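Novice: What shape does this take:
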Amino acid sequence: MYRVIEVARMLGVSKVTIYKKMRYLKDEIKPFVVKQKNVTHITDEGVELIKSTIQVQDYENENKDRVKLIETEKKLNAKQSELEELILEKNQLRNNNQSLLNSYYSHLEKTLEIRRRQLRKLKIELENNRLFAEDLKKQYGLFVELNKQSM
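Specialist: Okay, the predicted model is just below:
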C-alpha cells in the first residue's frame, strides 16, 4: 500500500490531483483505500485505477493539443500563403519598376541623341556664321580700302 504523496510522485502529479481523482472515483476506489491513523493509503489496484483516469485525461489533453496543433498549422499555412502572395506581388512590382526604368532610360537616350544632333547642327551654324563674319570683315576692310583710294 502507498500513501497519497507516494502515489502522486509515482504518477507525476500533485497530492491535490490524487484526492480529486479519489473524490471523482469515490464508489469505485472505496475498496482500495485504507485509512490508518489519519493517513490515507491506496492499494496497488487503487493506484492502477487512478492511473487509468489520469491516462484518460492525458489522452484528452493530447487530443486538445492535437486540435490546437492542427489549428496552428492551418494558421501557419494561411500566413505562408499570404507571404508567398506578397513575395509574388513584390516581384511583380520590381519587374514593373525595372520595365519602367528601362523605358525611361531608353527615352532619355533618344532625347540625348536628338540633343546631340541639334548641338552638332548649332556648332556647324556657328562655324558658318563665324566664317561669314570673317568674310564680311574682310569685305568691309576692302571696301574701306577702296573708298580711301577713290578719294
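
Novice: Compute the number of surrounding residues for Y19.
Specialist: Counted by other C-beta atoms under 10 Å, the residues lying close to Y19 total 13. Placement of C-beta: from N, CA and C, glycine included.

Novice: There's contact between it and V4 in this structure, I believe.
Specialist: Yes - Y19 lies in contact with V4 (C-beta atoms under 8 Å); the separation is 6.8 Å.

Novice: and whatever helix or strand T53 lives in, what other elements does it pack with?
Specialist: Taking DSSP states H and E as the definition, one finds T53 inside helix 44-150. On a contact count with 3 or more C-beta pairs under 8 Å, 6 or more residues apart in numbering; DSSP states H and E, helix 44-150 meets helix 4-11, helix 15-24, helix 26-29.

Novice: got those helices as a markdown table, with distance to L131 and mean pLDDT columns?
Specialist: Below are the helices and strands packed on helix 44-150 laid out as a markdown table (distance: least, C-beta to C-beta, whole Å; pLDDT from 0 to 100):
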| stretch | distance to L131 | mean pLDDT |
| --- | --- | --- |
| helix 4-11 | 113 | 90 |
| helix 15-24 | 112 | 90 |
| helix 26-29 | 124 | 88 |
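
Novice: What mean pLDDT does the helix holding T53 get?
Specialist: In this model, helix 44-150 has an average pLDDT of 90.

Novice: That helix versus helix 4-11: what angle between them?
Specialist: 50 degrees (axes from the mean of the first three to the mean of the last three C-alpha atoms, to 10 degrees).

Novice: Throw the helices and strands packed on helix 44-150 into CSV and include distance to T72, thanks.
Specialist: Formatted as CSV, those follow (distance: least, C-beta to C-beta, whole Å):
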stretch, distance to T72
helix 4-11, 29
helix 15-24, 27
helix 26-29, 37
